[in-house]
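**Q** Provided below for reference: sequence and predicted model.
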Amino acid sequence: MATLIKGERQEGLKLLTRASEVRPDHLETTFLVASINARLGNAGAARQAFRRALDRNPGSDILIERLASVEAQLGNDARALELLTTHTFEPTHQSYSLLHLYRAVRLMLALDALKKSNQTEALDHVRSGAQPPSSLGVDDYATVRSSRLLMFEALLQQAGGNAQDAMSAWKAAAATSDDDVESEGLFRALALVKTGERQKAGKFFDGFTAVNDQRKTDGAVNLRAHAYYISGIYAAYKGDDVEAAANFRQALEIDESFLYARQALAWLQAGLLKGLRE
């Protein structure tokens, strides 16, 4: 762990892997080894580790969640969704990582459907992301309005030539309340631009770049990855697809298991983020 803290991830992973081999019954070590493998892009190794852990701890909420995440990282989005929707998570499960995993998987499946010219199925996936099943655990998941999901719904509607429905989604995104840089504030601000509320959007943009650039050097991996991810979204809005792709790839270099960055890069490459431009 000390080696990991120093930033020597490969050496730290090697030592932890040896520890897990000595104590295969020690779930915390196995979980840590699998999670680090996923972040470093060794998704196949992570999947094997999570599967072995599940054999010893069948029905574990956290292990099923992490296995689903790795399946999505490997591009097996349908399998990830199956894992999430065929298991009933404990009512005390309050992890928002589970909610974000479910949303990211739905967004990837939406893109897959759109590539097959199935606009209706694509929209169903995005809307399902906003209405997770109760089996994900008792929480306020179903009442949380996501400007991110509404933005992607608007982009799908625009791609399908449905200008009125797209504007309805933009207006719904603009009406959300989250304006945090570290959360979904950027998506709401982009919706405010689209709905003509530029003054409100300007208040967010005034401090966005400075705050977000600070996050790119934060000691927390998740904050650094998210900062580059939303920089990619912002670059796409500005019309710089090259910069957008570079930021999404940087987020994935920091954390290969960060599914939102993987999803945004895929949507960018499919030309769907062009709808963000002014």
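**A** Sure thing, it's come through. Treat the numbers as computed from the prediction; the structure is a model and nothing was measured.
**Q** For the stretch 1-150 of the chain, which segments count as helices?
**A** 2-5, 9-22, 27-39, 43-56, 61-73, 77-85, 96-115, 119-129, 147-159 (DSSP state H, counting those that start in this stretch).
**Q** The second one - what's its average pLDDT?
**A** Think helix 9-22. Taken as a whole, helix 9-22 has an average pLDDT of 83.
**Q** for the shortest one, same thing?
**A** What helix 2-5 shows for mean pLDDT is 78.
**Q** repeat for the fifth one
**A** Regarding helix 61-73, the rounded mean pLDDT is 93.
**Q** Give me the buried positions along the helix or strand of the chain with the lowest mean pLDDT.
**A** Every helix and strand of the chain was ranked by mean pLDDT, DSSP states H and E. The lowest is helix 2-5, at a mean of 78. Of the residues in helix 2-5, residue 4 count as buried by neighbour count, 16 or more other CB atoms under 10 Å. Backbone N, C-alpha and C define where each C-beta goes, glycine included.
**Q** Give me the helices and strands touching that helix, please.
**A** Identification of packing neighbours for helix 2-5 by 3 or more CB pairs under 8 Å, 6 or more residues apart in numbering; DSSP states H and E yields helix 9-22.
**Q** Helix 43-56 and the helix it packs on, what's the angle between them?
**A** 30 degrees (axes from the mean of the first three to the mean of the last three CA atoms, to 10 degrees).
**Q** list the buried ones in helix 9-22?
**A** Buried residues in helix 9-22 (16+ other CB under 10 Å): 12-13, 16-17, 20.
**Q** cool, stretch 30-38 as well?
**A** The neighbour-count check on stretch 30-38 (16+ other CB under 10 Å) flags 30-38 as buried.
**Q** from the residues you listed, which is closest to residue 44?
**A** residue 37 (8.4 Å; CB to CB).
**Q** In this structure the closest one contacts residue 31, no?
**A** No: under the criterion of CB atoms under 8 Å, residue 37 is not in contact with residue 31, lying 10.8 Å apart.
**Q** where does this structure have low pLDDT?
**A** Confidence mapping of the chain against pLDDT under 70 gives the ranges 92-95, 138-143, 278.
**Q** try 80
**A** 4-7, 9, 20-21, 23-27, 91-95, 137-144, 278 (pLDDT under 80).
**Q** where's residue 70 relative to residue 87, distance?
**A** The spacing between residue 70 and residue 87, counted by CB to CB, to the nearest Å, is 15 Å.
**Q** who's more crowded, those two?
**A** A direct count of neighbours by other CB atoms under 10 Å for residue 70 and residue 87 places residue 70 higher, at 27 against 15.
**Q** do you know how far the more buried one is from residue 114?
**A** 24 Å.
**Q** same check, this time on residue 62
**A** Residue 62 is 32 Å from residue 114, where distance means CB to CB.
**Q** Of the two, which one has the most company?
**A** Between residue 62 and residue 114, counted using other CB under 10 Å, the more crowded position is residue 114 (20 against 17).
**Q** Can I get stretch 168-179 in CSV? Just the C-alpha atoms.
**A** Taking C-alpha atoms only, stretch 168-179 is exported to CSV below (Å, rounded to 0.1, in the frame of the first residue of the first chain):
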residue,chain,number,x,y,z
SER,A,168,-37.8,19.4,-24.3
ALA,A,169,-34.9,17.4,-23.1
TRP,A,170,-32.6,20.5,-23.0
LYS,A,171,-35.2,22.4,-21.0
ALA,A,172,-35.5,19.5,-18.5
ALA,A,173,-31.7,19.4,-18.1
ALA,A,174,-31.6,23.2,-17.6
ALA,A,175,-34.2,22.8,-14.9
THR,A,176,-32.1,20.5,-12.8
SER,A,177,-30.4,21.9,-9.7
ASP,A,178,-26.9,20.4,-9.6
ASP,A,179,-24.4,23.1,-10.5
